[in-house]
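Asks: model this:
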Amino acid sequence: MDRRAYRRFFCALLAITMLTSVIATSAVAQEGENALPPGTAAAIGARRPAPIPTGPPTELALSIEVAADGLTNPWGMAFLPTGELLFGERLGRLNILSDAGVTRISADFSNLGFGTSGLLGIAIDQDFETNRRFYTCQGQESPARQQVVAWRLSPGLTNASRVDTLVDFERTGGHSGCRLAVDDDGYLWATIGDDFRASTPQDTDSLHGKVLRIDPQTGEGHPDNLDFGVDRDPRIYSLGHRNPQGFDFHPTTGQAWISDHGPDRDDEINALSLGGNFGWNPVGPAGPSVYDELGRSPTDLSIPGVIGAVWSSGPSTIAPGGIAFLSGEQWGDFDGALAMSVLKDQRLQFMRFDGGELIDITIPAELERSRFERLRSSLLGPDGALYVTTSNSGFGNDDRRVDSILRITPAGSDLAPPTAQRAPRQLGDPRVLTVAARGTTGTEQLLLEIDGEEVFRWNPSESNDTISYTHETAVTGSQVRVRYNNDGEHEGEDRNVWVDYITIGDQRFESEHPTVRSRGASENGARCREGTFNTELLACNGWFQYAEDGGN
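Replies: Sure thing, here's the model as predicted:
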């Protein structure tokens, strides 16, 4: 083959390789939410950090139990000081997991923004026992915003009221990030994605592509946050991030670590430093109007002082979720190791580091391509167990309820689950009420009243949905009313709800029992009237009033 023929052959081969790379990368949706935006251009030959080599793996056998199931994309988790797990589902449900199971918390997420956002990170205030405050990182639908919100949780763990919006900025694209944590000094940290905008990760006047450190009472930046100059936001701790969805503090040094999604290569784990630039800069030759990410490393080595990753996935992605440092002698050789949930590659990955140097990676067989599939969040519990959420439901308002919270312990350990310090909610306790109800559209609203006072409000799903409420004192049936007050513009024509039954302790009250009085019921032409109609259907605005004899 002569030189010109060889050159033509080589050019053709290079073109085919580049085209194949672009097509393959464009097809990647590494966690079903990172689809590339229109106008994305390929950046071939970007400088890339070499993946860190690993040593021989150490064996780790696990015991796995399902702590909660029937969930839809459980994302943020945080333990209350009393042992209950506060967690959110991405489409806007807030819940408590206790020894009595999962209980819905009434909270207003009526303007929640979906897409790659939704109800994401959750953190508990350091002084929760006195101020009842917790925090969420979430999207807002109209106008489209990303927010960090302060809430107050009721003493009965039944209602959450919105107190303040601490962080609020425009959201136009994807990559929300949105993991929250509170450090030992009580400051609130938030990871923020780059919003699919090329200029934001390196722009110190933008919160996108950053990690924030703020005062949770005021929303102002930590006084020690680095001054980047005139055009800077004082809430920024570090910059140059793409879509960081994992966050934890090192158990001995207190240093903040994150996991960050790469584009089509180099997912990363970074050990953060104040003012550190971690190198994500998707501005290409076409300028900041084009999000130029294909083939580009998240660590642009041309940026002065750029900080490299302590681990990267190399030439392909695995889609990292949440991270959590393990702690306790029960973990043996893995005491101090970093556990990372993995979405696309469907596994739990344990990494041991010596300082910032990786020693080895272990992937237990029990959670590698297992029946639990995609793993989203990781959190070390006060009991020393690792809590991990699955992420197999759809996005947006897809409510398939196929996800779980897993409690993971080393095989053979005898760790007991955390126990609430207050009185447990157990069947037979006359303070505990449950309501089984369903709606027609999922937009109806039910209210639980005790002695004429509203104590709980929720939206029933289109299948029988059971909520639980614990009152301060014992309750009898005649004190309880379930009200429906969201019939729309045309009474009796818009929506319907079915209240199947309520329970108080171990006593069950059927709504169609002859002793139960209702208003707004539809039965044998007795539509929207008050009486005992032996029905569990409310076709109009109305209520069920339960009799003290039980109606079992």
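
Asks: What is the neighbour count of the closest residue to residue 170 other than its chain neighbours?
Replies: Computed as CB to CB, 6 or more residues apart in numbering, the closest residue to residue 170 that is not its neighbour in sequence is residue 145, at 6.3 Å. The C-beta positions use only the backbone N, C-alpha and C, and glycine is treated the same way. By the criterion of other CB atoms under 10 Å, residue 145 has 18 neighbours.

Asks: quick one: the strands in the stretch 451-552 of the chain?
Replies: Here the stretch 451-552 of the chain has its strands, by DSSP state E, counting those that start in this stretch, at 453-458, 465-470, 480-484, 497-504, 507-510, 517-521, 529-531, 537-545.

Asks: My guess is the residue nearest to residue 170 contacts residue 171. True?
Replies: Yes - taking contact to mean CB atoms under 8 Å, the distance of 5.5 Å between residue 145 and residue 171 places them in contact.

Asks: so which helix or strand takes in the most centrally placed residue in the chain?
Replies: Note on the chain: the residue nearest the mean C-alpha position is residue 75, at 2.0 Å, using CA atoms, centre = their mean. Assessed by DSSP states H and E, residue 75 sits inside strand 74-79.

Asks: could you say what helices and strands that strand packs with?
Replies: If you count contacts as 3 or more CB pairs under 8 Å, 6 or more residues apart in numbering; DSSP states H and E, strand 74-79 packs onto strand 85-89, strand 119-124, strand 133-140, strand 375-380, strand 386-390, strand 403-410.

Asks: Pop the domain breakdown of the protein in here.
Replies: 1-30, 62-410, 432-545 (automatic domain parsing).

Asks: okay, the ones you listed, which one's buried deepest?
Replies: When the domains of the chain are scored by mean count of other CB atoms under 10 Å, the highest mean neighbour count falls to domain 62-410 (a mean of 20).

Asks: tell me the SS of the residue lying closest to residue 400 once chain neighbours are set aside?
Replies: Across the structure, with CB to CB, 6+ apart as the measure, the residue nearest residue 400 apart from its sequence neighbours is residue 393 (4.6 Å). Going by DSSP: H, G, I helix; E, B strand; the rest coil, the secondary structure assigned to residue 393 is coil.

Asks: so what's the closest residue to residue 473 other than its chain neighbours up against?
Replies: The spatial neighbour of residue 473 that comes closest, neighbours along the chain excluded (CB to CB, 6+ apart), is residue 431 at 6.4 Å. Contacts for residue 431 (CB atoms under 8 Å, 6 or more residues apart in numbering) come out as 470, 471, 472, 473, 474, 475, 505.

Asks: Check those residues and tell me the two furthest apart.
Replies: In those, the most distant members under the criterion CB to CB are 472 and 505, with 14.7 Å between them.

Asks: among the strands of the stretch 451-552 of the chain, which gets the worst mean confidence?
Replies: Considering the strands of the stretch 451-552 of the chain one by one, the lowest average pLDDT is found for strand 465-470, at a mean of 78.

Asks: picking up where we left off before, the helices and strands packed on strand 74-79 into CSV, with extra columns for mean pLDDT?
Replies: Compiled in CSV, the helices and strands packed on strand 74-79 are given as follows (pLDDT from 0 to 100):
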stretch, mean pLDDT
strand 85-89, 97
strand 119-124, 97
strand 133-140, 96
strand 375-380, 98
strand 386-390, 97
strand 403-410, 95
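
Asks: just checking, residue 316 touches residue 265?
Replies: Yes - taking contact to mean CB under 8 Å, the distance of 6.3 Å between residue 316 and residue 265 places them in contact.

Asks: what's residue 202 sitting at in phi/psi?
Replies: Dihedral angles phi and psi of residue 202 (degrees, to the nearest 10) take the values phi -100, psi 0.

Asks: Distance check, it against residue 246.
Replies: Distance of residue 202 to residue 246, given as CB to CB, to the nearest Å: 22 Å.

Asks: Just the CA trace of stretch 528-542, in PDB.
Replies: Written as PDB, here are the backbone C-alpha positions of stretch 528-542 (Å, rounded to 0.1, in the frame of the first residue of the first chain):
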ATOM      1  CA  CYS A 528     -74.900  14.300  48.300                       C
ATOM      2  CA  ARG A 529     -77.200  14.000  51.300                       C
ATOM      3  CA  GLU A 530     -76.400  13.200  54.900                       C
ATOM      4  CA  GLY A 531     -77.400   9.900  56.500                       C
ATOM      5  CA  THR A 532     -76.400   6.200  56.900                       C
ATOM      6  CA  PHE A 533     -76.200   4.900  53.300                       C
ATOM      7  CA  ASN A 534     -74.000   1.800  53.800                       C
ATOM      8  CA  THR A 535     -71.400   2.900  51.300                       C
ATOM      9  CA  GLU A 536     -67.700   3.700  51.200                       C
ATOM     10  CA  LEU A 537     -68.100   6.100  48.100                       C
ATOM     11  CA  LEU A 538     -68.200   9.900  48.400                       C
ATOM     12  CA  ALA A 539     -69.300  11.300  45.100                       C
ATOM     13  CA  CYS A 540     -69.500  14.900  46.400                       C
ATOM     14  CA  ASN A 541     -67.700  17.000  48.900                       C
ATOM     15  CA  GLY A 542     -68.500  15.300  52.200                       C
END
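
Asks: Thank you kindly, that will do.
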